[in-house]
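> this one's structure only:
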Ligand SMILES: Nc1ncnc2c1ncn2[C@@H]1O[C@H](COP(=O)(O)OP(=O)(O)OP(=O)(O)O)[C@@H](O)[C@H]1O
């Protein structure tokens with residue numbers, strides 16, 4: 001039996017004569033039936049669909065043009081494998097479980113359960129959120145769709161929702177992994193008084209769409225600012241996983257993985273390299289190691305791995321770090337309390353100065 005929301009869209013589209021929505025709804029039913037292994041019915045619907053004429057492009061109007069749903073996503077070839085990632089235990093266990101639930105969805109369905117398919121990842125940049133989503137798509141051999149906010153968020157009232165609707169209509173047509181990076185850009189707290197009614201409408205619409213997604217679309221959302229997310233958005237996700245930066249031990253393990261692939265090992269121990277690097281993300285460790293090798297390769301044999309490593313560590317110590325800049329700024333910026341005595345003093349100076 002096709003899902004109720006698909007049937008409703010189908011009926012609405014036939015009544016309004018919206019061929020594009022009709023096609024998307026029918027394709028979603030086909031994907032749904034195929035996921036349930038009802039191939040004969042899926043083939044029949046596809047044959048019926050092939051008789052629906054393609055809609056000609058609309059004439060230009062002053063309204064913003066809403067392109068097809070696939071305009072707001074990029075398909076990325078998933079390359080990272082799940083076992084390539086160093087993950088904290090809950091993320092590793094839940095990731096494996098998610099893969100298992102989708103591989104053996106029929107077994108779950110035979111017991112009236114569906115696989116989970118809404119996952120929220122949070123943690124500082126460069127610690128594997130995107131890689132995790134990509135690895136899930138790779139493990140399940142599914143297309144990996146990354147949402148493009150530049151093509152999704154519009155400036156006209158209702159434009160973002162119209163694009164979101166097209167996007168979800170499109171992804172419903174096939175099993176896939178749909179990835180929202182920087183999800184806080186769209187799933188923000190609706191109580192924020194600086195936001196207009198439009199963002200509230202977008203969040204409400206997004207929640208509704210997330211609820212209606214069929215289980216064969218795995219939606220993975222990632223954020224560096226979990227605290228900005230609307231509470232109701234949190235609740236929608238069946239798995240919520242943290243991706244913290246690695247501790248010293250994990251930095252050493254990751255360094256070891258990379259350095260053991262080098263043609264020659266440096267004399268400096270992994271512990272010492274890790275200590276010199278200090279707090280880092282996985283992405284930064286990878287970058288650092290690649291720079292050491294680049295320096296060595298371009299040194300054309302004149303530079304040994306130890307020299308290349310020493311030089312990169314020197315540069316590392318002098319690198320610009322956004323967290324330090326932020327800390328410096330907040331030290332320099334006078335707080336309101338600091339500003340008051342300073343203002344009082346300048347008023348006093350103005351009173352006593354004969355030139356004032
Ligand atoms: N846990 C990890 N294990 C192994 N490699 C990792 C891990 N985390 C990150 N990397 C490496 O760092 C690169 C960047 O990581 P990724 O894009 O997944 O981070 P992210 O958390 O999504 O960052 P952002 O929040 O900036 O989007 C990856 O391509 C991968 O090579």
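That came through fine. If you're wondering where the values come from, they're calculated on a predicted model, not measured in any experiment.

> for the ligand, what are the nearby residues on the stretch 151-300 of the chain?
With the criterion set to CB under 6 Å from any ligand atom, the stretch 151-300 of the chain comes near the ligand through 181, 222, 224, 243, 282, 283, 286. Quick note: C-beta positions are derived from backbone N, CA and C, even for glycine.

> And the strands in the stretch 101-250 of the chain, which stretches?
In the stretch 101-250 of the chain, the strands defined using DSSP state E, counting those that start in this stretch lie at 118-122, 144-147, 176-180, 217-223, 239-242.

> Tabulate these (TSV), appending distance to residue 34, mean neighbour count and mean pLDDT.
Below are the strands of the stretch 101-250 of the chain laid out as TSV (distance: least, CB to CB, whole Å; neighbours: other CB atoms under 10 Å; pLDDT from 0 to 100):
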stretch	distance to residue 34	mean neighbour count	mean pLDDT
strand 118-122	21	22	97
strand 144-147	18	22	95
strand 176-180	13	25	96
strand 217-223	13	25	96
strand 239-242	25	18	96
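
> Would you reformat those as CSV and include distance to residue 266?
Supplementary listing: the strands of the stretch 101-250 of the chain in CSV, determined by distance: least, CB to CB, whole Å:
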stretch, distance to residue 266
strand 118-122, 33
strand 144-147, 36
strand 176-180, 36
strand 217-223, 34
strand 239-242, 32
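
> Nearest approach to residue 298 belongs to which of the ones you listed?
strand 144-147 (32.9 Å; CB to CB).

> do that closest one and the ligand meet at all?
No - Strand 144-147 stays out of contact with the ligand when judged by CB under 6 Å from any ligand atom, the minimum separation being 10.5 Å.

> Check the residues of the stretch 151-300 of the chain next to the ligand for burial and list the buried ones.
181, 222, 224, 243, 282, 286 (16 or more other CB atoms under 10 Å).

> which one is the first one nearest to, not counting chain neighbours?
Sequence neighbours aside, residue 222 is the residue nearest to residue 181 in space, at 5.3 Å (criterion: CB to CB, 6 or more residues apart in numbering).

> Surely that neighbour and residue 129 touch.
Yes - look at residue 222 against residue 129 with CB atoms under 8 Å: they come within range, at 3.8 Å.

> Between these two, which contacts overlap?
Residues touching both residue 222 and residue 129 (CB atoms under 8 Å, 6 or more residues apart in numbering) are 121, 122, 181.

> Please list the residues of the stretch 1-150 of the chain that sit near the ligand.
Looking at the ligand, the residues of the stretch 1-150 of the chain close enough under CB under 6 Å from any ligand atom are 85, 86, 87, 125, 126, 127, 128, 129, 130, 131.

> Of the residues you listed, just the buried ones, PyMOL syntax please.
In PyMOL syntax, the buried subset of these is picked out as below (16+ other CB under 10 Å):
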select buried, resi 85+86+87+126+127+128+129+130+131
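
> What about the residues of the stretch 1-150 of the chain next to the ligand, which are in helices?
129, 130, 131 (DSSP state H).

> got a list of what the first one touches?
Spelled out, that is residue 129. Neighbouring residues of residue 129 by CB under 8 Å, 6+ apart: 121, 122, 123, 181, 222, 243.

> what about 7 Å?
121, 123, 222, 243 (CB atoms under 7 Å, 6 or more residues apart in numbering).

> Looks like the first one contacts residue 132 (just checking).
Read that as residue 121. Yes - here residue 121 reaches residue 132: they are 6.1 Å apart, a contact under CB atoms under 7 Å.
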